[in-house]
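Engineer: What shape does this take:
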Amino acid sequence: MTELTTAALAETPEGRRCLQAMQDDPGSALVAFDFDGTLSPIVEDPARAVADPDAVAALGRLGRLVGTVAVITGRPARTAVSLGGLDRVPGLESMVVLGQYGVERWDAATGEFQIPEPPAEIDDVEAALPGLFAELGLHDVHLEHKERAIGLHTRQSADPAGTFRALVEPVRRLAEEHGLTVEPGRNVLEIRPRGHDKGDALRALVAERGARSVVFGGDDLGDLPAFHAARGLREEGLTALLLCSASHEEDALQQLSDMVVHGPSGVAAWTSAVADLLEGRAAAS
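Structural biologist: Model (predicted):
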């Protein structure tokens with residue numbers, strides 16, 4: 001594998017160092033991706049956000065080559081496994097899915113889910129939302145119940161951006177009244193419990209697996225904590241590569257990234273190319 005090809009997979013020196021570390025010691029590498037917008041396209045109905053088959057197949061290739069592959073998502077773990085077909089993909093027999101920002105877990109090796117009971121405050125907020133929508137004159141917000149969280153999607157409204165802006169502060173106040181927090185995303189506000197984010201989930205998994213090189217790919221504001229955690233891990237002596245699945249709707253991650261690709265299809269192509277890189281190194285050895 002040429003230097004030029006390696007450079008094509010990472011636009012920064014830090015990213016290229018991570019790729020080199022993965023080649024030198026693939027067993028200590030951890031590759032984790034967000035789900036929506038990274039492995040699956042953003043669609044109007046979140047229940048139909050099935051994973052890009054090429055992205056999941058490429059992740060399966062990496063699953064045979066690196067120490068750990070994972071999905072870290074705001075979705076419930078069961079939903080991510082189902083929409084991704086992650087329990088049926090060759091190469092993902094030992095993957096980990098951390099759902100609800102790390103509160104839930106699925107281990108492919110055992111097929112077991114670890115899912116704590118949802119907080120009562122979620123039901124209280126859900127009951128209050130219809131009245132809030134009526135008060136604001138908003139009748140085209142799609143509510144997604146996510147067990148431990150509630151997603152408020154404005155993508156199907158006549159004015160997605162305007163509806164989103166109208167919701168932000170009232171929803172934030174309602175969440176705070178119930179001791180919850182709000183996570184903004186691409187035409188979605190997610191109401192969820194405090195105390196867990198993707199950065200915490202990533203750090204815990206890195207420590208559990210003893211990873212020395214870390215790849216994290218995401219697309220949205222909810223992935224920022226994982227990006228910051230990965231950059232912090234560099235300061236602690238690990239290597240890390242941050243992959244941005246870019247879109248016209250959100251660019252907050254691009255300036256922090258070591259590589260920017262276009263959506264799940266770009267993630268699929270990049271992941272497949274990294275698998276080529278590792279397989280080439282293994283063959284040469």
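
Engineer: Show me the helices in the chain, by range?
Structural biologist: Shown for the chain, the helices assigned by DSSP state H span residues 3-8, 13-24, 53-63, 77-84, 120-136, 160-177, 198-209, 224-235, 263-284.

Engineer: Now tabulate those in a markdown table and tack on mean pLDDT.
Structural biologist: Compiled in a markdown table, the helices of the chain are given as follows (pLDDT from 0 to 100):
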| stretch | mean pLDDT |
| --- | --- |
| helix 3-8 | 63 |
| helix 13-24 | 96 |
| helix 53-63 | 97 |
| helix 77-84 | 96 |
| helix 120-136 | 92 |
| helix 160-177 | 93 |
| helix 198-209 | 97 |
| helix 224-235 | 97 |
| helix 263-284 | 93 |
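
Engineer: how distant is stretch 79-92 from the center of its chain?
Structural biologist: Between the centre of stretch 79-92 and the centre of its host chain there is 15 Å, according to Cα atoms, centre = their mean, to the nearest Å.

Engineer: Mind listing what's buried along it?
Structural biologist: Buried residues in stretch 79-92, counted by 16 or more other Cβ atoms under 10 Å: 79-81, 83-84, 86, 89, 91-92. To be clear about C-beta, it is placed using only N, CA and C from the backbone, and glycine gets the same treatment.

Engineer: same question, stretch 53-67
Structural biologist: Within stretch 53-67, the residues scored as buried using 16+ other Cβ under 10 Å are 55-67.

Engineer: repeat for stretch 233-253
Structural biologist: Using 16+ other Cβ under 10 Å as the burial criterion, the residues of stretch 233-253 that qualify are 233-234, 238-246, 250, 253.

Engineer: Next: stretch 168-185.
Structural biologist: Of the residues in stretch 168-185, those with enough neighbours to count as buried (16+ other Cβ under 10 Å) are 171-172, 174-175, 178, 180-185.

Engineer: Run through the bridge partners of His142.
Structural biologist: His153 (DSSP bridges).

Engineer: my bad, Thr181
Structural biologist: As assigned using DSSP bridges, the partners bridged with Thr181 are Arg192.

Engineer: Next, name the residue at the spatial heart of this protein.
Structural biologist: By Cα atoms, centre = their mean, the mean C-alpha position of the chain lies nearest to Asp34, the distance being 1.5 Å.

Engineer: Pretty sure Val215 is one of the things it touches, is it not?
Structural biologist: No - applying Cβ atoms under 8 Å, one finds Asp34 not in contact with Val215, separated by 11.9 Å.

Engineer: what do those two both touch?
Structural biologist: Common contacts of Asp34 and Val215, defined by Cβ atoms under 8 Å, 6 or more residues apart in numbering, are absent altogether.

Engineer: what sits against the residue nearest to Pro264 when sequence neighbours are not counted?
Structural biologist: Excluding the flanking residues, the one nearest Pro264 by Cβ to Cβ, 6 or more residues apart in numbering is Asp52, at 3.9 Å. With contact set as Cβ under 8 Å, 6+ apart, Asp52 has these partners: 39-41, 264-265, 267-268.
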